[in-house]
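Chemist: I'd like to go over a predicted model; first the sequence, then the structure.
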Protein chains: 2
Amino acid sequence: MRIALLGGTGDIGEGLALRFARDTDHELLIGSRDPEKARDAVEEYNSVLESHDATADCKGFANEMAADRADVVILSVPPYHVGDTVEAVADVLDADTILVTPAVGMKGDEDGMHYHPPGTGSVSELVAQRAPDGVPVVGAYHNLAAGKLANIELEFDLDTLLVGDDADAKETVRNLTNEIDGLRALDAGPLANAAEVESVTPLVINIAKHNEELHDVGVKWV
Amino acid sequence: MRIALLGGTGDIGEGLALRFARDTDHELLIGSRDPEKARDAVEEYNSVLESHDATADCKGFANEMAADRADVVILSVPPYHVGDTVEAVADVLDADTILVTPAVGMKGDEDGMHYHPPGTGSVSELVAQRAPDGVPVVGAYHNLAAGKLANIELEFDLDTLLVGDDADAKETVRNLTNEIDGLRALDAGPLANAAEVESVTPLVINIAKHNEELHDVGVKWV
């Protein structure tokens, strides 16, 4: 399978790239608005992987080209870029491409981080609204700490929740996710349930802030 | 310490009563609007506890009397009764009584359960607004499955999140909570962070619905 990580040069993109590269045999297409930046990131990821005796099928592209070649397109961009990014690649998406969205709208104040969804109710539903008709959308990877994910020396045992209205697409993302060591995908229902999933992201940030032993905290549903 | 469980005759109240009774030495005051109902519940709890070789210091009262005698008052009533219950016991509360609120506003539709907070932003903040000045409020026990809690044959390893603006009150509730076997209290910050904590409750219901192996699911922050 070919997995594109749009905005795959930073934050959650880096960790997903390294984990997919090390733990699976899928082809990875790292996307960026600037293809040079994507190629630099791939060079860096390959050197991290080599130092851990892992090799990867990983190349850098402009976002549009990465999306065009992929079966699964992960929108690992900040929430305020999600809509634009979907529109930038819309022409190359079709019903055979699964769009995966991990972004979450948040607002911080002196008390902590708070869930701050767009008018659609959630970023996942915004992506579904902006995506061309027939392109399946799955929300996933919202509540994973980027730092923990990107440190591939770290073993973990974490869950991530999936939301989506297309059962086949969700099953594909579930299988893909379960290939990453220590990561378990659970179903949280249709896209309409995305807000409760996304709002765990500000919550883990608040928990990390107020509990010294839980830096980069994640979640297990037990 | 004396712990009152208002609305302690059903749902989360039953489980908290049985677990506090079995695992701690605190005095439990089970409250109900109808004291007769409270005494019937206590009889039932005592027989469950005896059949597990546990004894408890547990008595039934009208809500007002239970609250009057308690150091910690847990509002284990449905969300639409929380405001009225606080007002019904307001005269007997003072700065030495800690009000604890586990209730969550939710709305269900064909997709699943959704977080549906009151106008104050969260039930925890509603309680703080309705409580007499100076009475400390702590949000806790939101995301525990009532069925799992009440089945005391079941061992678990679960977390519950605390929110509150009074550090001493939060510390008291934290210590109390950690006395229950298999339950760990974590700090999620001030009351202003309650919405993200409360919204985990519809989420666990959605997860339970969509994952066969996770009936009565709870959460560990890891």
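Modeler: Thanks, I have it.
Chemist: ranges for the strands of chain A?
Modeler: A:2-6, A:27-32, A:58-62, A:72-75, A:98-101, A:106-108, A:113-115, A:137-139, A:158-164, A:183-187, A:219-221 (DSSP state E).
Chemist: How many residues are close by residue A:120?
Modeler: Residue A:120: 17 surrounding residues under other Cβ atoms under 10 Å in any protein chain shown. All C-beta atoms are positioned from the backbone trio N, CA, C, and that covers glycine.
Chemist: Next: the one 4 residues further on.
Modeler: Residues lying near residue A:124 (other Cβ under 10 Å) number 33.
Chemist: list the contacts for residue A:141?
Modeler: A:12, A:16, A:74, A:76, A:100, A:102, A:160, A:177 (Cβ atoms under 8 Å, 6 or more residues apart in numbering or on different chains).
Chemist: if I look at it, how far off is residue A:14?
Modeler: Residue A:141 is 12 Å from residue A:14, where distance means Cβ to Cβ, to the nearest Å.
Chemist: quick one: pLDDT of the nearest residue to residue A:86 once chain neighbours are set aside?
Modeler: With sequence-adjacent residues excluded and distances taken as Cβ to Cβ, 6 or more residues apart in numbering or on different chains, residue A:86 is closest to residue A:130, at 4.3 Å. If you check residue A:130, the pLDDT there is 97.
Chemist: near chain B, which residues of chain A?
Modeler: Contact residues (Cβ under 8 Å from any Cβ of the partner chain) of chain A with chain B: A:109, A:111-115, A:156-158, A:161, A:186-190, A:192-193, A:195-197, A:199-200, A:202-204, A:206-207, A:209-211, A:214, A:217-222.
Chemist: Now a PyMOL select for only the buried ones of the residues you listed.
Modeler: Buried residues among those (16 or more other Cβ atoms under 10 Å in any protein chain shown), as a PyMOL selection:
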select buried, chain A and resi 112+113+114+115+156+158+161+186+187+188+189+190+192+193+195+196+197+199+200+202+203+204+206+207+209+210+211+214+217+218+219+220+221
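Chemist: Narrow the residues of chain A next to chain B to those in helices?
Modeler: A:195-197, A:200, A:202-204, A:206-207, A:209-210 (DSSP state H).
Chemist: Just give me the closest of those to residue B:68.
Modeler: Taking Cβ to Cβ as the measure, residue B:68 lies nearest residue A:210 of these, at 32.4 Å.
Chemist: hang on, the closest one packs against residue B:185?
Modeler: No. Residue A:210 is beyond contact range of residue B:185, at 11.3 Å (criterion: Cβ atoms under 8 Å).
Chemist: Quick check, central residue of chain A?
Modeler: Centroid check for chain A by Cα atoms, centre = their mean gives residue A:102 as the closest residue, at 4.3 Å.
Chemist: on that earlier part again, among the contacts of residue A:141, who's most crowded?
Modeler: Within these, most neighbours by other Cβ under 10 Å means residue A:74, with 31 neighbours.
Chemist: Mind listing residues that contact the longest helix along chain A?
Modeler: Counting residues, the longest helix found in chain A (DSSP H) is helix A:35-50. Applying Cβ under 8 Å, 6+ apart, the contact partners of helix A:35-50 are A:8-10, A:14, A:17-18, A:21-22, A:30-32, A:55-56, A:58-62, A:65-66, A:152.
Chemist: again, but for stretch A:74-93
Modeler: With Cβ under 8 Å, 6+ apart, stretch A:74-93 has contacts from A:3-8, A:11-13, A:16, A:33, A:63-64, A:67-68, A:73, A:99-106, A:118, A:123, A:126-127, A:130-132, A:135, A:141.
Chemist: Narrow those residues to those that are buried.
Modeler: Burial by neighbour count, judged by 16+ other Cβ under 10 Å, picks out A:3-8, A:11-13, A:16, A:33, A:63-64, A:67-68, A:73, A:99-106, A:118, A:123, A:126-127, A:130-132, A:135, A:141 from the contacts of stretch A:74-93.
Chemist: so what's residue A:136 up against?
Modeler: Residue A:136 makes contact with A:95, A:98-99, A:164-166, A:168-169 under the criterion Cβ under 8 Å, 6+ apart.
Chemist: 6 Å - rerun?
Modeler: When contacts are counted by Cβ atoms under 6 Å, 6 or more residues apart in numbering or on different chains, residue A:136 touches A:98, A:166, A:169.
Chemist: Then residue A:127?
Modeler: Residue A:127 neighbours (Cβ under 6 Å, 6+ apart): A:86, A:101, A:137.
Chemist: Show the model's pLDDT score for it.
Modeler: pLDDT recorded at residue A:127 is 98.
Chemist: cool, residue A:86 as well?
Modeler: Looking at residue A:86, its pLDDT is 98.
Chemist: One more: residue A:89?
Modeler: 97.
Chemist: The nearest residue to residue A:4 once chain neighbours are set aside: how many residues sit nearby?
Modeler: Excluding its sequence neighbours, the residue lying closest to residue A:4 (Cβ to Cβ, 6+ apart) is residue A:70, at 3.5 Å. When neighbours are counted by other Cβ under 10 Å, residue A:70 registers 28.
Chemist: Correct me if wrong: residue A:70 contacts residue A:1.
Modeler: No. Counting by Cβ atoms under 6 Å, residue A:70 stays clear of residue A:1, with 8.6 Å between them.
Chemist: Residue A:146 and residue A:121: what is the separation?
Modeler: For residue A:146 relative to residue A:121 (Cβ to Cβ), the value is 24 Å.
Chemist: Likewise for residue A:183?
Modeler: Distance, residue A:183 to residue A:121, using Cβ to Cβ: 26 Å.
Chemist: Specify which residue of those two has the higher count of neighbours.
Modeler: residue A:183 (20 against 16).
Chemist: what is the more buried one paired to in the beta sheet?
Modeler: Residue A:183 forms beta bridges with residue A:158, as assigned by DSSP bridges.
Chemist: how close does it sit to residue A:162?
Modeler: The gap separating residue A:183 from residue A:162 is 12 Å, by Cβ to Cβ.
Chemist: OK, contacts around the closest residue to residue A:33 other than its chain neighbours?
Modeler: By the measure of Cβ to Cβ, 6+ apart, the closest residue to residue A:33 outside its immediate chain neighbours is residue A:63, 6.0 Å from it. By Cβ under 6 Å, 6+ apart, residue A:63 lies in contact with A:6, A:31, A:33, A:89.
Chemist: Please repeat the previous calculation with a cut-off of 7 Å.
Modeler: A:6, A:31-33, A:85, A:88-89 (Cβ atoms under 7 Å, 6 or more residues apart in numbering or on different chains).
Chemist: same deal with residue A:202?
Modeler: By Cβ under 7 Å, 6+ apart, residue A:202 lies in contact with A:106, A:113-115, B:196.
Chemist: Now do residue A:125: how many residues are near it, please.
Modeler: By the criterion of other Cβ under 10 Å, residue A:125 has 23 neighbours.
Chemist: Now do the contacts for the spatially closest residue to it that is not a sequence neighbour.
Modeler: The shortest distance from residue A:125 to any non-neighbouring residue, by Cβ to Cβ, 6+ apart, is to residue A:191 (5.5 Å). Shown in contact with residue A:191 (Cβ under 7 Å, 6+ apart): A:124-125, A:128, A:137, A:139, A:163-165.
Chemist: Done for today, thanks.
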